[in-house]
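Student: quick check, what structure comes out for this input:
(chains A and B)
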Amino acid sequence: MTPLPGPFAGWFDARGWQAHPHQCAMLDRADAPALLLIAPTGGGKTLAGFLPTLVELADGLHTGLHTLYVSPLKALAADIRRNLTAPAREMGLPVRIEDRTGDTPSSAKRRQRADPPHILLTTPESLALLLSYEDAPRIFAGLERVIVDEIHALAESKRGDQLMLGLARLQSLRPGLRRVGLSATVEDPAAIARILARHPDPCEILHADPGPDPDIAMLETAEMPPWSGGGGAHAIPAVLEQVKAHRTTLIFHNTRAQAEIFFHKLWMANDEGLPIGIHHGSLAREQRQKVEAAMVRGDLRAIVCTGTLDLGIDWGDVDLIIQVGAPKNVKRLVQRIGRANHRYNAPSKARLVPANRFEVVECVAALQAAKERDLDGDPRGAGPRDVLCQQILITACAGPFDAGALYAEVKSAGPYAALSRADFDACLDFVATGGYALRAYDRWQRLKQGADGLWRLRDPRSARQIRMNIGTIQDTDLVKVRMRGRGKPLGEIEEGFAATLTPGDTFLIGGRIVRYEGLREMVVEVTRSAARKPRIAAFMGTKFATSTQLSHRILRMFRQGSWPELPDHTADWLALQREVSRLPEMGRLLVETFPHEGREHACIYGFAGRNAMQTLGLLLTQRMEALGLHPLGFVSTDYAVLIWGLERLDDPAALFAPGDLRDAFETWLGGNAVMKRTFKASAVIAGLIDRQIGGQRKTGRQATFSSDILYDTLRRYDPAHLLLGITREEALKGLVDFGRIEEMLARTAGRIDHAPLDRVSPLAAPLFLEAGRVPIDGAGAERLVAEEAARLMRAAGLAETSDHA
Amino acid sequence: MGLERIRNECAFTLAGARLAARGTGALWWADLGLMAVSDLHLGKSERIARRGGTMLPPYETRDTLARLDAEIAHLNPRIVICLGDSFDDPAAGAALEPETVLWLARLMAGRRWVWIEGNHDPGPVGLGGTHLAELHEAPLTFRHIAKPGASGEVSGHYHPKAVLRARGRPVSRPCFLHDGDRAILPAFGTYTGGLRSDMPALADLMRPEARAILTGQVPMEIPMPRRPGRRPR
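Tutor: Below you'll find the model as predicted:
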């Protein structure tokens, strides 16, 4: 093993530290073209990544950029700059370290382009922007290494796909570039390695000692969890006890709304006034930074949070993680647990709080999986083509390019290794001409091929617009929330939620109840409210679906004769279900039908995750409507969909012929709002429509028309268009998640168990209490509007039709 | 036409003229056989591409004309008035495909056709029909942009839309606005955004008793939505 060079050994010795074996191993393999380090949080992962850089820079001879560090979080880039600058200074290294993100002042950005630091810390989006400049070859002239931090998180999203295309570009500029990936524990390190390395280069994987097994268990609560819902309010006293008994506790929730409600209730019960904060993605940056600063100072005993605290930043003294609500995904649970105790070789401690009876089962299944280190994850398909379209635009901004050379470069990016030339050409055609069946833009093409065979922007001024649209993060349309008068920003809520508010409505944001006063220039104005109960905190945040592996594990648990590992109340519940009906099985699809309160019900236990079950509900009710069964509505969870209507479903098997269901899917894709949202996201990424930047939206006349119109127009006049193809591909995952329905159909292969019952079954009962019921519109939508129109006319004292006609 | 008429249009009077707001967004004055549509914005995608913007699906002209064609076939008007901003700009008018020009010529054949000037297409275009700044057809005046204080006026320009909440769900539709003095037509073009009726430009223009007629399969009339708590001037 290479011994640490002088100043480094001295620095470690002076602190009584020893380099971790994996840190030395990284130094040993500093010359590898690609290297992936898998290490738990607190394992000195970042230093391991930077050690070879610092060693190479120690002689002070390198000029220009040496190492590029990319992380998914702006805050992480800034944090690493601080954490790296200190030891570099202490070792007396002649190294300049700077970060560059959306928050960096433009003067500093200009200087960085003219005179890059040795180490630049940035995000995938800022890198893409740098690569779009004509002087990119000069900026990256000295680049030797690139470090991708938290690559496990990036690898799951389009941000990672864009980053890997960016690395391919960098590698063309600097053929000797070495790549390093730093990852938390993942289920399939080889898949991450394939994404990281230049295709088809090999990529060695180093595993740091994973440390001792974590101490994880369910949180004992005095009260039983309720039958449905996701709040976890029953656990408030037990959670407060835990907070008192630990130094610092992170309390994770699955959605922002749940975090807000829980935080509010926690404060109502916090008689001792323990300092507890809240942190999630909808809060204003100032608010979040305040909480982060208090956390770093050690002022807080607990933070109620969401996925925003999943990554990176070192919080120091966290010694307990509480997860409220089923973790949905074992890998994320394990990574969250790793947030506790950043000291290496001390076990992390975590407690789970199932929010309802079914989640008890899911939590137990997740605990078992975590103990067996059986992590989940769905393999990501080929790199999405909307991201490729954007990459072609970025490349064109930087200068003229050869299509064949760009194709070769793109194929060297792991996610795009299997890209066909035909698919590439279709993307290039879309970017250049719009790719329409009607060749309308011959004169106004975006890209033109010159006599030299190279492609370039027709109008160089369009580079500005392209740069403004760089990135793949899909922001829902958010509007800012401010206190009236003082203009203090509180955070953001979804525009759709804002549209449902009327003056006087109260909701929670940042842990306080506010009263909606009105919308002014796309800013929601609120005032303080003395109400003790908010109307609702229904901004959405992310809703995760229970993973395929965890769903399967639950189905396997159902096969057991008894459940000693479950609390009695839950084991009894399952036993009763087996007695009066049956338990769902892995290879079969259970459909219960029963009458209840004058309506016929059907409950389908698909176990395909909430997004797919929602889609299944929409598809099945559509088919039932066609069959004259008059469905009236449905509600879905991660496990089941409950449909009610006027007629009894006598032959469920007829509903599940896979061919029919796929046909229904095709038809349904048409006008569905979820599909339109999917289309919009891809249209923005591919450069068809401009990203709307929060607050800059036009409020004047002829505001930008909706992307829905473009979607409808394309479907009507150009159904084979590339963007519709991309949209259908996206519909297999994400919000539509038809891929999980396919998985369910394959798993059950037409083996349908119909259980006709005379009353609600134990397993179906909680579904009656679920929120999020979806009424079936069909022709009913018009009727709803007509009803409201009539009501408004009556309220205004006007006749229903104009009397002077 | 009986029942069908009740479903597809919503009647109102303006300065004594009996008018019908069609669910399609066209205005129909049956006594004169006069049909008016506003803000077709033909050639919009071409103009955006020409200016170095994105290349939108180039089908909006075809879609707009198909709907116009259907409306003309249905009503067989003697007079058609295009209330301005018929073309996204003069160059867009000049760049129309030959087949589009033929299509328009076929629609114009056998009837009086008036192009009112708009702010997007002020000059005359090389097509048939009459070009006017405004048209008086007693008791009404047709112009592109409403003049404060006018009465018996039919205009377009603003692309009005109304938002109402059907059982909590916000529904937004292009709409007609009318208040006894004036009527404002929704935009007929496919790629046209909308201006909410509660924005000051419209809220201040329309009288307090103004109503909105929502376009759609079944046009529906409601009091013009305004911002709560804001008193109309």
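Student: use CA for all of it now, contacts and neighbours both
Tutor: OK.
Student: taking chain B, what residue is nearest to chain A?
Tutor: Among all residues of chain B, B:Gly193 sits closest to chain A, at 3.9 Å; criterion: Cα to the nearest Cα.
Student: can you classify that residue as helix, strand or coil?
Tutor: Following DSSP: H, G, I helix; E, B strand; the rest coil, B:Gly193 is assigned to coil.
Student: same check on the one 5 residues further on?
Tutor: Following three-state DSSP, the label given to B:Asp198 is coil.
Student: so how far is B:Pro225 from it?
Tutor: B:Asp198 is 6 Å from B:Pro225, where distance means Cα to Cα, to the nearest Å.
Student: can you list residues touching both of the two?
Tutor: B:Ala162 (Cα atoms under 8 Å, 6 or more residues apart in numbering or on different chains).
Student: which residues does the closest residue in space to A:His279 that isn't next to it in sequence contact?
Tutor: Among residues not flanking A:His279 along the chain, A:Cys305 sits closest, at 4.8 Å (Cα to Cα, 6 or more residues apart in numbering or on different chains). Contact analysis of A:Cys305 by Cα under 8 Å, 6+ apart lists A:250-253, A:256, A:259, A:278-280.
Student: about what we covered before: so what's the residue count around the residue of chain B closest to chain A?
Tutor: Using other Cα atoms under 10 Å in any protein chain shown, B:Gly193 has 20 neighbouring residues.
Student: dump the residue contacts of residue 65.
Tutor: Assuming you mean chain A. A:116-120, A:139-144.
Student: correction: the question concerned chain B.
Tutor: By Cα under 8 Å, 6+ apart, the residues touching B:Leu65 are B:Leu104.
Student: among the contacts of A:Cys305, name the ones in strands.
Tutor: Among the contacts of A:Cys305, the members found in strands (DSSP state E) are A:250-252, A:278-279.
Student: TSV for those residues, including distance to B:Ser45, neighbour count and pLDDT?
Tutor: Converted to TSV, those look like this (distance: Cα to Cα, whole Å; neighbours: other Cα atoms under 10 Å in any protein chain shown; pLDDT from 0 to 100):
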residue	distance to B:Ser45	neighbour count	pLDDT
A:Leu250	51	28	92
A:Ile251	50	24	94
A:Phe252	47	27	92
A:Ile278	46	24	90
A:His279	44	26	87
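Student: need phi/psi at the residue nearest to A:His279.
Tutor: phi -150, psi 180 (degrees, to the nearest 10).
Student: try A:Gly609
Tutor: Torsion angles, degrees, to the nearest 10, at A:Gly609: phi 90, psi 150.
Student: cool, and A:Asp459?
Tutor: phi -120, psi 110.
Student: residue contacts, it?
Tutor: So A:Asp459 contacts A:446, B:52 (Cα under 8 Å, 6+ apart).
Student: what's the pLDDT at it?
Tutor: Looking at A:Asp459, its pLDDT reads 90.
Student: ok, back up a step: what's the closest of the contacts of A:Cys305 to chain B?
Tutor: For the contacts of A:Cys305, the nearest to chain B is A:Arg256 (21.7 Å; Cα to the nearest Cα).
Student: chain A contacts on chain B?
Tutor: Where chain B comes near chain A, counting by Cα under 8 Å from any Cα of the partner chain, the residues are B:10-13, B:18, B:46, B:49-50, B:52-60, B:63, B:158-159, B:164-171, B:190-195, B:218, B:220-223, B:228.
Student: returning to that earlier point: which two among the contacts of A:Cys305 are spaced furthest apart?
Tutor: Taking Cα to Cα as the measure, the contacts of A:Cys305 span a maximum distance of 14.5 Å, between A:Leu250 and A:Arg256.
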